[in-house]
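In: Have a look at this prediction, sequence included:
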Amino acid sequence: MDIKKKNPIVELDDVVLRFAGDSGDGMQLTGSLFSDSAAFAGNDFATFPDYPAEIRAPQGTVAGVSGFQIHFGHTSIHTSGDLADVLVAMNPASLKATLKWAKPNATIIVDTDTFIGKGFAKAGYDSNPLEDDTLDGFNLIKVPISTMAKKAVEDMELDNKVALKSKNMFALGVVLFMFNRELEKTNAFFEEKFKKNPLIVEVNKRVLRAGSNYAETIEAIGQIYNVQPAKLDKGTYRNITGNIATAWGFLAAAERAELQLFLGSYPITPASEILQELTKHKQFGVKAFQAEDEIAGICSAIGASYSGSLAITTTSGPGLSLKSEAIGLAVMTELPIVIVNVQRGGPSTGLPTKSEQSDLMQALYGRNGEAPVIVMAATTSADCFYSAYEASKLAVEHMTPVILLTDGALANGSEVFRIPVVTQLADINPPIVEPNDTDYKPYKRDDDKLNRKWAIPGTEGLRHRIGGLEKENVSGNVSHDPLNHQLMTQIREDKVQRVANYLPDQTVVGDEEGELLVVSWGGTFGVMLTAVEKMNVDGHKVSLAHFKYISPLPNNTGEVLKKFKKIIVCELNNGQFVKFLKINYPEFKYQQYNKIQGLPFMVSELEEHFSSILSGK
Amino acid sequence: MAEEQIDLKNIPQLSKEDFVSDQMVKWCPGCGDHAILKSMEKVFPMLGVRKEDFVVVSGIGCSSRFPYYMNTYGIHGIHGRAAAIASGVKIANPELSVWMITGDGDSMAIGGNHFIHVVRRNIDINLILFNNKIYGLTKGQYSPTTPRGSMTKTSPQGSFEEPFNPGELIIGAQGKYYARGIDTNPKMMVELFKEAASFKGTSVVEILQNCVIFNNKVHELVTSRETKDDHQLHLMAGEPMIYGKNQDKGIVLKETKLETVTIGKNGVTKDDLLIHNPNNPNPGIHIMLSRMTPPKFPVALGVIRSVAQDTYEQLMTDSIKMAKEKSSLKNIDDLLRSGSTWEI
């Protein structure tokens, strides 16, 4: 019986698919393999992994559930999606943890083998949710995934554990069939990934095929869906996570600036991957130094910056706190350095694996003394590439520290990335002093940018000392002179403010004037854009100003804000950017919409809220 | 710069004057730091290094004003972090001659973590540790090397903390080079700085330094004209450990301990004395030497430990070279197009 023949294939615009299982069930791999198949099919997509802080929380508990969501479509996809159309739950705990993220009529595929005995009690269910009314209204597909996976390889005489480990591939096989996808791409991945272990290649291939065959045979999957290729611009594409994009953006910047890239960093969730990625690329001359702590991470970068490297340090919120004093040193010595903060839920250790935008104030003000730096925020996973590139350009051209804010969702989430040509990116021109420049003074400045020049050790005729003590303007000698301190404080502020003259104007999505302007910043761009575009399609006049440059703000910010009757600032924190806008543009009235749950905004909640503002409720 | 080989023939003859900065030296009159600075100014021209290739890095404290007083490239950093800053300078450009100036507060307390890790990694930095056993710049609080019982501003009844012995800390942190000198012996300092410069790796030179204001005469027994000869052991590689006004005292190894003996007494001859071997990878004797404290023992001065090992930056340079030879990715465009990509 072939259901492809029985039922015509249904075409869908976009689908949200979520895999959920125990943290040892391989859900992240399953999800990324499905992403590859979506890429192969020419879909646009975005992904969002949702995993616990513990590496292996007790098996079968809600605390140990690891999830991976992918939103793919033939329309433009800007977010990993609100609620799932299809949920794959490998055990009762994952059903318990993720059912609230499924649409009311979603298709739910469960591994019935795990819904036995203590399984649902451990997950916090009183009775078997497959048998009571828990799943009423859902399209429930019961599959004995574990049994079938084992059966697929029973003649290979494998250890029971090895056979069972491949059960995620059975689930993937089912879903790939459901979405009318070929298995070749996934099989090719097995061959590449496990090339040293042909047995594992065979196991995975067989189990994947078994899953697909099973789906084709059973009556339960009544329908096959298809999602056509998206209408993307011509070009070469790849799937990229924010952390990898960040690392690669720095590599590209170093290449274009003709500088050695130096990273000083200490492992911290969710930023470690940038350090790991850059240690992989020694062929480009990258020096990645795993320091003994966060402070040594940034201090080594300051030393490397003094020595003429494009120097960066990467961290997450608590690490930024530890780096504060050293950022002040970089401000005082006016050395270029980029500090990446992959934000997570705080304060303190907070929610290490969850995303938040709550380090904005720390980035802007979290230092002793008047210590202005450039603060910018990447807007999407792929934009992390461009943001890292631009942060590097601004740091070296303006001789100042730059804090680049990304977040856990961008860092681990992935999206389709149209690959740029490195030589077509903006030029980077560090103000390096020529040997024996008799005009050189350590704190002599450029008239426009107010930056000092970069005199690199080893260069003849430029020996000089810098440090954390206040400097006399021009000469750079230590100075405790009161008027000089005031002058230098103002110059340091002015230097950062003048960066605005080199930034693009703030853009607006939708009409440039009207009733309601939605304001947001950083990693929420995809969801904000989706919500605002949907509302406009539905006939509501809503515009979006999404900020990437925070300090300084683009020069036209006031012009943008003043053309709307109402402004609502949406952030994944308790209202930090709105405070910053109130300081800079006190003449406007702001409403705010804040979510502090370690979770991204949902399009639906935004639409609902904006609608209520428009209707005056 | 990083890739350039230094052409020794083209190095101009340098003199002390090439390294004297135009900044007024603001240490207290009589401070031991002056003598250390003078010795350093003497040593730099002797090293065959271009004057542009020196970088002096410091943290915070009296000693850490040092970079301002040397006419080289230099960074006056933040408290305790000089080792991390210097590591960045050296790793970024291994051709530079990097000198780190620090004190017992800067490196044993707030910068303890960076100190042990720079030593462990064996980054080729010449680390001069001024040990005056007190916080001078903050005006007289006890430091991690202050002896028990010392009365200071924060230990009015006498310190009850066990002090660090820098030598033990260095060796415990897998240190490969440790020397000890004293600010009253400039000739020895010059020798020690020269040797430290030639050692490939983190070479720590502890200078017993006198804070004339807050801890005056803390090293009195080792420095005063009357007592110093009986309390200084000058270690020389391959030579017996002999000391004393009359060169009649020595160090022997008895069972597992060091002991002092007098030549000619109880049948002891020069041949019974321990021969100093700074190159012995086994740190046992080196630790015992660094622990020797007056009045029972003389203080061991000179190069206590010097064991060859690869430097961090050399291994990193090698691994970069290997990666460049092996990798098929020649530029970032190659990287962006590597792995799974597709065309639209």
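Out: Yep, it's here.

In: longest single helix anywhere in chain A?
Out: helix A:198-217 (DSSP state H).

In: partners of whichever helix or strand comes after that helix in the sheet?
Out: Sequence order places strand A:225-226 as the next helix or strand after helix A:198-217, per DSSP states H and E. As defined by DSSP bridges, the strand partners of strand A:225-226 come to strand A:10-11 (parallel).

In: Tell me the helices and strands packed up against the following helix or strand past the partner strand.
Out: Following strand A:10-11 in sequence order, the next helix or strand is strand A:14-22 (DSSP H and E). Judged by 3 or more Cβ pairs under 8 Å, 6 or more residues apart in numbering or on different chains; DSSP states H and E, strand A:14-22 is in contact with helix A:27-40, strand A:65-73, strand A:84-89, helix A:92-98, helix A:167-178. Backbone N, C-alpha and C define where each C-beta goes, glycine included.

In: and the longest helix of chain A, how far from the chain's centre?
Out: 32 Å (Cα atoms, centre = their mean, to the nearest Å).

In: Tell me which residues are up against that helix.
Out: A:1-4, A:143, A:145, A:148-149, A:151-153, A:156, A:158, A:162-163, A:166-167, A:169-174, A:176-178, A:183, A:186-187, A:190-191, A:194-195, A:221 (Cβ atoms under 8 Å, 6 or more residues apart in numbering or on different chains).

In: Show me what counts as buried in it.
Out: Within helix A:198-217, the residues that count as buried by 16 or more other Cβ atoms under 10 Å in any protein chain shown are A:200-201, A:203-212, A:214-216.

In: Report the lowest-confidence entry in those.
Out: pLDDT across those is lowest for residue A:216, at 88.

In: Without its sequence neighbours, what residue ends up closest to residue A:231?
Out: residue A:74 (7.3 Å; Cβ to Cβ, 6 or more residues apart in numbering or on different chains).

In: Based on its surroundings, how many neighbours for the one you found?
Out: Using other Cβ atoms under 10 Å in any protein chain shown, residue A:74 has 20 neighbouring residues.

In: Might one say that it is in contact with residue A:43?
Out: Yes: assessed by Cβ atoms under 8 Å, residue A:74 is found in contact with residue A:43 at 6.4 Å.

In: Let me see the mean pLDDT of the one helix or strand residue A:190 maps to.
Out: For residue A:190, the enclosing helix or strand under DSSP H and E is helix A:184-193. Mean pLDDT, helix A:184-193: 90.

In: now swap in stretch B:169-181 and tell me
Out: The model assigns stretch B:169-181 a mean pLDDT of 98.

In: Can it be said to contact chain A?
Out: No: judged by Cβ under 8 Å from any Cβ of the partner chain, stretch B:169-181 and chain A are separated, with a smallest distance of 11.0 Å.

In: How about that stretch, which residues are buried there?
Out: Buried residues in stretch B:169-181 (16+ other Cβ under 10 Å): B:169, B:170, B:171, B:173, B:174, B:175, B:176, B:177, B:178, B:179, B:180, B:181.

In: which stretches of the stretch 151-300 of chain B aren't confidently modelled?
Out: Residues of the stretch 151-300 of chain B meeting the criterion pLDDT under 70: none.

In: those strands in it, which residues are they?
Out: With DSSP state E, counting those that start in this stretch as the criterion, the stretch 151-300 of chain B has strands at B:177-182, B:203-208, B:232-234, B:242-243, B:249-254, B:257-262, B:299-306.

In: and the second one with strand B:299-306, angle?
Out: Interaxial angle, strand B:203-208 versus strand B:299-306 (axes from the mean of the first three to the mean of the last three Cα atoms, to 10 degrees): 170 degrees.

In: Paired strands for strand B:203-208, with orientation please.
Out: strand B:125-131 (parallel), strand B:177-182 (parallel).

In: Now render those as TSV, adding distance to residue B:99.
Out: Listed next are the strands paired with strand B:203-208 as TSV, based on distance: least, Cβ to Cβ, whole Å:
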stretch	distance to residue B:99
strand B:125-131	5
strand B:177-182	14
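
In: what bits of chain A have low per-residue confidence?
Out: A:1-7, A:219-220, A:617.

In: So the closest residue to residue B:186 other than its chain neighbours: helix, strand or coil?
Out: In space, residue B:186 comes closest to residue B:39 once its chain neighbours are excluded; the distance is 4.9 Å by Cβ to Cβ, 6+ apart. At residue B:39 the chain is in helix, as set by DSSP: H, G, I helix; E, B strand; the rest coil.

In: so residue B:39 touches residue B:196, yeah?
Out: No: with contact defined as Cβ under 8 Å, residue B:39 does not reach residue B:196; the gap is 11.6 Å.

In: can I assume residue B:199 is in contact with residue B:177?
Out: Yes: Residue B:199 lies in contact with residue B:177 (Cβ under 8 Å); the separation is 4.9 Å.

In: which residues are common contacts for the two?
Out: residue B:306.

In: Would you map the helices across chain B?
Out: So, for chain B - with DSSP H - the helices run B:33-43, B:82-92, B:104-105, B:112-121, B:166-172, B:186-198, B:220-223, B:284-291, B:312-326, B:332-336.

In: Tell me which of these is the most buried.
Out: Neighbour counts (mean count of other Cβ atoms under 10 Å in any protein chain shown) averaged over each of these peak at helix B:82-92, with a mean of 31.

In: domains of chain A?
Out: A:3-226, A:238-424, A:514-614 (automatic domain parsing).

In: Helices of the stretch 201-350 of chain A, start to end?
Out: With DSSP state H, counting those that start in this stretch as the criterion, the stretch 201-350 of chain A has helices at A:242-257, A:272-279, A:294-306, A:317-333.

In: angle of the longest one against helix A:294-306?
Out: In this case it means helix A:317-333. 30 degrees.

In: Return the residues in contact with whichever residue of the stretch 101-250 of chain B sits closest to chain A.
Out: Residue of the stretch 101-250 of chain B nearest chain A, by Cβ to the nearest Cβ: residue B:117 (4.0 Å). Counting by Cβ under 8 Å, 6+ apart, residue B:117 touches A:291, A:292, A:296, B:83, B:173.

In: any idea how far residue B:261 is from the first one?
Out: Between residue A:291 and residue B:261 the distance, using Cβ to Cβ, to the nearest Å, works out to 47 Å.

In: Please apply the same query to residue A:280.
Out: Where residue B:261 is concerned, residue A:280 sits at a distance of 59 Å (Cβ to Cβ).

In: what about these two, which has more around it?
Out: Ranked by neighbour count (other Cβ under 10 Å), residue A:280 and residue B:261 place residue B:261 first, with 17 against 14.

In: okay but the more buried one is in contact with residue B:248, surely?
Out: No: using Cβ under 8 Å, residue B:261 makes no contact with residue B:248, being 9.5 Å away.

In: count of residues packed around the closest residue to residue A:181 other than its chain neighbours?
Out: Using Cβ to Cβ, 6+ apart and skipping residues adjacent in sequence, the residue nearest residue A:181 is residue A:37, 4.8 Å away. Residue neighbour count, defined by other Cβ under 10 Å, stands at 22 for residue A:37.

In: what's the spacing between residue A:37 and residue B:224?
Out: For residue A:37, the distance to residue B:224 - Cβ to Cβ - is 82 Å.

In: can you check residue B:271 too?
Out: Distance from residue B:271 to residue B:224, by Cβ to Cβ: 32 Å.
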